[in-house]
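Engineer: what follows is a predicted protein model with its sequence.
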Amino acid sequence: MNKIIIIGAGPAGLSAAITIAQNGEEVLVLDEYMLAGGRLLGQLYEEPTGNWWNGITESENLYEKAIQLGVDIQLNTSVYDMEKQNNQWIIYTDNGTYFTKNVLLATGAAEQPFAIPGWTLPGVMSVGAAQVMTNVHRVKPGKRGIIVGVNVLSSAIAMELQLAGIHVKCITLPKKTKLAKESGDPLEVMNSLLHVSHMAPSKFVQLGSKLMKNDLMKKMGISFYPKNGIKMWDIPIMLRKAVIEIYGDKVVEGVKIATITPDGEVVKGTEENISADFVCITGGLYPLAELAAIAGCPFYHIEELGGHVPLHNEKMETTIEGLYVAGNITGIEGAKVAMSQGVVAGFSILNHIQDGKFNNDIEKSIKEIEQTRNSAYIQFHPNVEEGKHKLKKHWENYIGKELCKMVK
């Protein structure tokens, strides 16, 4: 029997593997990391219901279920190339070459940090690295840290670091540069911050966010925003100060910050030093889609989805027969959405193999994605629905052009 290959053992990949194995097909899952779970591994937060979402526990449950169903999971295995020959995919890894007719890319996302003077000092890391060190390896990145970059990812991880007894002194902006882009623009940052205000324990912050309904109110909010920030989880969120340098003799000793105008310009003479023994830099996440590019899948840049995403439809099918995608490669969203997408991809692959037997399951699971997305506690991109609509239009246009070619 020709095994279906899934690249990526995160929430999307494991959910797809379970779906496929439950319906009688053999599955091989490849992942370069030493543990299954992907970005699930670092997640820990309290949901509105009062229940705790523990990514390690969720990962272990998915992994154990997959193993019990006979899924072959090969960890510590890097995929460096793939190509299609004679209706068969050839997958090249550092542990050998594999062949299959159906591949699911569930490669997830990567962080995109930005350069700050001093960012090569030991003690500077991405915010995701600090999350994994703390939640997975149980090693504190330091005692007193500063997070540079205010977004959904940094807000959620800052809360997790605080829970682990790590003092996050503040979350602040980077200096506005071409590389930092919107990350250094207070108004743009406020727009993203408003979408995690429901996570704040402060009722004042939650109420204030509801008043920011239009651009005028947002501009007023930035103009009168306290220069020392507003606290969330006892962490000052600074939208009117920016880090202009990370300093230290051989290791991180602190950062130099300065007051900035509502437009993000540094106010000269306002520089001051804040001591710290580690610094996290975050510019958000982007879809990790290099393998889809190698496979020849067309791409579109959709800001609402986090960057360039491979063209695909609601069934997680790409334009190339036998190639499917699921999870953050399709757009940056939470783990629960990724799991739902993995189920859809699994049914789509089964449907292709077993002659349309799973059409009803596909339709049902597509609706479950929407329900999961609408109820998501954390939304990395507030306009994800608009992004999905743009992607659907691109798909329709592409299919229309291909049909025209066939007619000609």
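Structural biologist: Cool, got the structure. All values reported here derive from a predicted model rather than from experimental measurement.
Engineer: shouldn't residue 240 be in contact with residue 225?
Structural biologist: Yes - taking contacts as C-beta atoms under 8 Å, residue 240 lies within contact range of residue 225: 5.3 Å. Bear in mind the C-beta positions are built from the backbone N, C-alpha and C, glycine included.
Engineer: and the contacts of stretch 118-129?
Structural biologist: Residues outside stretch 118-129 that contact it (C-beta atoms under 8 Å, 6 or more residues apart in numbering) are 39, 42, 111, 113, 133, 141-142, 147, 149, 153-154, 157-158, 245-248, 250-252, 277-282.
Engineer: quick one, helices of the stretch 251-400 of the chain?
Structural biologist: 290-295, 335-353, 359-374, 384-407 (DSSP state H, counting those that start in this stretch).
Engineer: and what of the stretch 51-200 of the chain?
Structural biologist: So, for the stretch 51-200 of the chain - with DSSP H, counting those that start in this stretch - the helices run 55-68, 127-135, 152-163, 186-193.
Engineer: how about CSV for those helices, with mean neighbour count added?
Structural biologist: Formatted as CSV, the helices of the stretch 51-200 of the chain follow (neighbours: other C-beta atoms under 10 Å):
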stretch, mean neighbour count
helix 55-68, 18
helix 127-135, 22
helix 152-163, 23
helix 186-193, 20
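Engineer: so which of those gets nearest residue 35?
Structural biologist: Evaluated over these, closeness to residue 35 peaks at helix 55-68, with 7.3 Å, by C-beta to C-beta.
Engineer: hang on, the earlier thing: so how do I select the buried members of the contacts of stretch 118-129 in PyMOL?
Structural biologist: Buried residues among the contacts of stretch 118-129 (16 or more other C-beta atoms under 10 Å), as a PyMOL selection:
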select buried, resi 39+42+111+113+133+141+142+147+149+153+154+157+158+245+246+248+252+277+278+279+280+281+282
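Engineer: right, and residue 345 touches residue 12 too?
Structural biologist: Yes - in this structure, residue 345 is within contact of residue 12 by C-beta under 8 Å, at 7.2 Å.
Engineer: out of these two, which sits in the busier spot?
Structural biologist: Neighbours were tallied for residue 345 and for residue 12 using other C-beta atoms under 10 Å; the higher tally belongs to residue 12 (35 against 32).
Engineer: settle this for me: that one is touching residue 336, isn't it.
Structural biologist: No - under the criterion of C-beta under 8 Å, residue 12 makes no contact with residue 336, lying 10.6 Å away.
Engineer: got a pLDDT number for residue 72?
Structural biologist: pLDDT for residue 72: 98.
Engineer: the closest residue to it other than its chain neighbours bridge partners, please.
Structural biologist: Counting by C-beta to C-beta, 6 or more residues apart in numbering, the nearest residue to residue 72 once its immediate chain neighbours are dropped is residue 28, at 4.7 Å. Note on residue 28: beta-bridge partners residue 5, residue 72, judged by DSSP bridges.
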